[in-house]
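Colleague: pasting the sequence and the predicted coordinates here, then a few questions.
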Amino acid sequence: MKRRAGLTLTLGIVATAVLLHGCAPAYQRTYDEKTQQLEARERANQELEAQAHAQAQKYAAVVNFTMGKADLDADGQRELRWFVQQMQPYPQAMFDVQGFADSTGSEAKNAGLSQQRAEAVADYLASQGIDASRMVTKGFGTASPAASNVTSQGRRNNRRVEVTVR
């Protein structure tokens, strides 16, 4: 009887080992399949995000300013409202808000003024629902002029803030 009980116990242990050994690959297959599904879903999401980012990058806003001022006028506000509307489908988009100045005045004054202009635009965008954490704001003074500072129209074009999708 002891021998029969020992044999039964041994057979039970062997059967359990065989069963567990057979289950491990099944568990592994299930795990691998789920992992592949999740990875495929993640790749698809990344592709959709890349497409949305490419679409969002098609939009930009440029706001011009009066000489020596950092106040948004009605045209600037209209341009920014339009931009905010275009960005509605892209809630993850990040923005560069870059301010510039013409060559009138000292470089130190223009550096500060270009920063004030960029901040005025960022503040307005925030008031229209764009989260401030999505914006990087920087003033560049007279660096990177859009036009020649020789003409009044060129100087006007240089007193600007550009809003672009990063």
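Modeller: Noted; the coordinates are in hand. Residues are numbered from 1 along each chain as shown.
Colleague: so what's F140 up against?
Modeller: Counting by C-beta atoms under 8 Å, 6 or more residues apart in numbering, F140 touches Q98, G99, F100, A111, S114. In this view, the C-beta of every residue, glycine as well, is placed from N, C-alpha and C.
Colleague: sitting in helices, which of the residues you listed do you find?
Modeller: A111, S114 (DSSP state H).
Colleague: Serialize the contacts of F140 to TSV and add fields for distance to G76.
Modeller: Converted to TSV, the contacts of F140 look like this (distance: C-beta to C-beta, whole Å):
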residue	distance to G76
Q98	15
G99	12
F100	14
A111	21
S114	15
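Colleague: out of the contacts of F140, who has the most neighbours?
Modeller: When neighbours are counted by other C-beta atoms under 10 Å, G99 leads the contacts of F140 with 29 neighbours.
Colleague: which pLDDT value goes with the nearest residue to it once chain neighbours are set aside?
Modeller: Among residues not flanking G99 along the chain, A118 sits closest, at 3.3 Å (C-beta to C-beta, 6 or more residues apart in numbering). Listed pLDDT for A118 reads 98.
Colleague: okay, the helix or strand encompassing A118 in PDB with CA atoms only?
Modeller: For A118, the element it lies in under DSSP states H and E is helix 107-127. Output of helix 107-127 as PDB, limited to C-alpha atoms (Å, rounded to 0.1, in the frame of the first residue of the first chain):
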ATOM      1  CA  GLU A 107      20.100  96.700 -28.600                       C
ATOM      2  CA  ALA A 108      19.400  96.400 -24.900                       C
ATOM      3  CA  LYS A 109      16.000  98.200 -25.200                       C
ATOM      4  CA  ASN A 110      15.100  96.100 -28.300                       C
ATOM      5  CA  ALA A 111      16.000  92.800 -26.500                       C
ATOM      6  CA  GLY A 112      13.700  93.700 -23.600                       C
ATOM      7  CA  LEU A 113      11.000  94.900 -26.000                       C
ATOM      8  CA  SER A 114      11.100  91.800 -28.100                       C
ATOM      9  CA  GLN A 115      10.700  89.700 -24.900                       C
ATOM     10  CA  GLN A 116       7.700  91.800 -23.800                       C
ATOM     11  CA  ARG A 117       6.100  91.400 -27.200                       C
ATOM     12  CA  ALA A 118       6.500  87.600 -27.100                       C
ATOM     13  CA  GLU A 119       5.100  87.500 -23.500                       C
ATOM     14  CA  ALA A 120       2.100  89.700 -24.600                       C
ATOM     15  CA  VAL A 121       1.300  87.200 -27.400                       C
ATOM     16  CA  ALA A 122       1.800  84.200 -25.100                       C
ATOM     17  CA  ASP A 123      -0.500  85.900 -22.500                       C
ATOM     18  CA  TYR A 124      -3.200  86.500 -25.200                       C
ATOM     19  CA  LEU A 125      -2.900  82.900 -26.400                       C
ATOM     20  CA  ALA A 126      -3.300  81.700 -22.800                       C
ATOM     21  CA  SER A 127      -6.400  83.900 -22.400                       C
END
